[in-house]
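got a predicted structure plus its sequence, pasted below:
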Amino acid sequence: MPSASPIDLDAHPYSTANFYNEQTLWKQEPRSSLAPGDAVVRRTSTAGHIALFDSGSDPFGAVWLYEARGCATGVVHDLRTVDSSYLSIRRN
């Protein structure tokens, strides 16, 4: 993010389209090179999802992620399957 912002203010300038399609501030990484803090992102024409990678020995299967599931649930740490629709990215 370009600068800090209050947690209750949705003011960031990015969507999953930015993370999926641009490589100005992050670059695509091979799944075999995922490290804690890297992200996995998917994007369709109308929706997307992004999560932070924590750990897992099989990046094509179930891995531990931190992800925001919505205001009611908040951020969770969970074992989740990451299929081939997700790109692996790392901050430059």
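That came in fine, so what should we check first? Numbers count the residues shown, from 1 in each chain.

buried ones in the lowest-mean-pLDDT helix or strand in the chain?
Counting by mean pLDDT, DSSP states H and E, the chain has its least confident helix or strand at helix 16-21, which shows a mean of 87. Buried residues in helix 16-21, counting neighbours by 16 or more other Cβ atoms under 10 Å, are found at 18, 19, 20. Quick note: C-beta positions are derived from backbone N, CA and C, even for glycine.

ok, for the last one, nearest residue in space, not its chain neighbours?
With Cβ to Cβ, 6 or more residues apart in numbering as the measure, residue 43 is the residue that lies nearest to residue 20, at 3.8 Å, once sequence neighbours are left out.

contacting residues for the one you found?
Counting by Cβ atoms under 8 Å, 6 or more residues apart in numbering, residue 43 touches 16, 17, 19, 20, 21.

would you list those in TSV and tack on distance to residue 80?
What follows is the contacts of residue 43, written out as TSV (distance: Cβ to Cβ, whole Å):
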residue	distance to residue 80
16	16
17	21
19	17
20	18
21	23
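
now, which of the residues you listed sits nearest residue 55?
Distance to residue 55 across the contacts of residue 43 (Cβ to Cβ) is lowest for residue 19, with 20.6 Å.

got a list of what the closest one touches?
26, 39, 41, 43, 48, 50, 89.

and of the contacts of residue 43, the nearest to residue 72?
residue 16 (20.1 Å).

I'd say the closest one and residue 46 touch.
No: Residue 16 lies out of contact with residue 46 (Cβ atoms under 8 Å); the separation is 10.7 Å.
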